[in-house]
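Participant: Okay, here's the prediction I keep looking at, along with the sequence it came from:
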Amino acid sequence: MSEEAATRAMESGRIGMEEVYRSSLAIPSPRYALEVSLLDRTGLFGHAPDWGEPFQPSISQRAEALRRLAGPDPAVLRRLIRDARADPNFFQHAWCVADPEGCLGATALLAPQAGNTLQALVTHGTTDAAIPALGRLLARALDGAHGQGRAMAQALLEPARGRELRVLHAAGMRRLATLGYYERALPRRGRVAASWPDGASITACDVHSDQGRTTLSEVLQSTYEATLDCPALAGLRTPQETLEGHLATHAVDPDLWTMVWLEGRPAAVSMCALLPGTDAAELVYLGVVRPARGRGIGPALLQHTIGRLEHRGVRSLHLACDEANAPALHLYHNAGFHRTMRRIAFMHALR
């Protein structure tokens, strides 16, 4: 509708002022909340910063900022909205830039995660020319998060998403590892007993007492000494933060969180979680302390976990592993796991 036609229609009483705004903006009958967001980002309710100058979105701009992150995927947008509603600090490290027309052009967001970490998210660029600007925007968000109490920011992308990987590089994030995701079917054909070395015993992980949590966090730290599984993560978080991340992300099942003791000392731990709404489970973590490695504890603990899952009627087990961790890959291949996909992990220390 032209401006002249819209004016005549308004004067004749056929449409109101809001419809005139919709017509002039070429917005096909959106809901009122979206109208306000679009009006705000065009500068009618405030000055939009110049292109390339990062700014933190106002409350009225947050919905549009999330849309710029989600792109055309409504499922991603729903997840972002859900997470934003659940955390009052969700937008603490959100930064945007305006495009040449004054509209909100791109968003970088460090979303809070369990374990005192942040997830780095940035608008998907449609051309290579956008990579430097998006990298600077994400770098601004990372700079603002330094010294704010978080341990690190991280991101996980498919290898084929080359343009987004280059944005992370441009922002100064470090490539941490290539992660392989593995799966093993668990047919109900009888469990194989684990073969433990002499002097080994097992208990359920105690996460309900202070002493139990202290022991478990110390074992998690010890299993990371001289690790080949994302070794750059060692020391970035405190043992307590590492444990809190696991507790916040995965439901504790005493039958599936196992501590191995060797000659009276903690020697290994495995954490397994059932995947809600499925007949599958995830091996969240399996680690052996350095002095106990090479004694068959890892294979025995994995077989013990598989046996517990088969007893529970679980049909498949999933896990992720650093592709540079040859001993772990050998263990999983021998146990019948096969790779289903890969992801590239990036990190940025914030302390």
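Facilitator: Nice, thanks for sending it over.
Participant: what's the spacing between Leu63 and Pro57?
Facilitator: One correction, residue 63 is Ala, not Leu. 9 Å (CB to CB, to the nearest Å). C-beta: built from backbone N, CA, C; applies to glycine.
Participant: can you check Arg82 too?
Facilitator: Distance from Arg82 to Pro57, by CB to CB: 18 Å.
Participant: Between these two, which is the more surrounded one?
Facilitator: Pro57 (21 against 10; other CB atoms under 10 Å).
Participant: Let me know the helix or strand that the closest residue to that one other than its chain neighbours is in.
Facilitator: Excluding the flanking residues, the one nearest Pro57 by CB to CB, 6 or more residues apart in numbering is Ala65, at 4.4 Å. Assigned by DSSP states H and E, Ala65 belongs to helix 62-70.
Participant: next structured bit after that helix?
Facilitator: helix 74-86.
Participant: what angle do the helix or strand following that next one and helix 62-70 make?
Facilitator: Moving toward the C-terminus from helix 74-86, the next helix or strand (DSSP H and E) is strand 94-98. If you take axes from the mean of the first three to the mean of the last three CA atoms, to 10 degrees, strand 94-98 sits at 90 degrees to helix 62-70.
Participant: Now do strand 94-98, average pLDDT.
Facilitator: In this model, strand 94-98 has a mean pLDDT of 94.
Participant: would you put the C-alpha positions of that strand in PDB?
Facilitator: In PDB, the C-alpha atoms belonging to strand 94-98 read as follows (Å, rounded to 0.1, in the frame of the first residue of the first chain):
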ATOM      1  CA  ALA A  94      24.400 -10.000  24.800                       C
ATOM      2  CA  TRP A  95      25.700  -7.500  22.200                       C
ATOM      3  CA  CYS A  96      24.200  -6.400  18.900                       C
ATOM      4  CA  VAL A  97      25.100  -4.200  15.900                       C
ATOM      5  CA  ALA A  98      22.700  -2.200  13.700                       C
END
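Participant: What angle do helix 74-86 and that strand make with each other?
Facilitator: For strand 94-98 against helix 74-86, the angle by the same axes, to 10 degrees is 130 degrees.
Participant: which of the residues in the next helix or strand after strand 94-98 are buried?
Facilitator: Beyond strand 94-98 on the C-terminal side, the first helix or strand identified by DSSP H and E is strand 104-113. If you call a residue buried by 16 or more other CB atoms under 10 Å, then strand 104-113 has these buried ones: Leu104, Gly105, Ala106, Thr107, Ala108, Leu109, Leu110, Ala111, Pro112, Gln113.
Participant: same thing with stretch 276-289?
Facilitator: Buried, per 16+ other CB under 10 Å, within stretch 276-289: Ala280, Ala281, Glu282, Leu283, Val284, Tyr285, Leu286, Gly287, Val288, Val289.
Participant: Other residues contacting stretch 128-143?
Facilitator: When contacts are defined by CB atoms under 8 Å, 6 or more residues apart in numbering, stretch 128-143 is touched by residues 52, 54, 93-97, 106-110, 120, 122-123, 125, 153, 163, 166-173, 348, 350.
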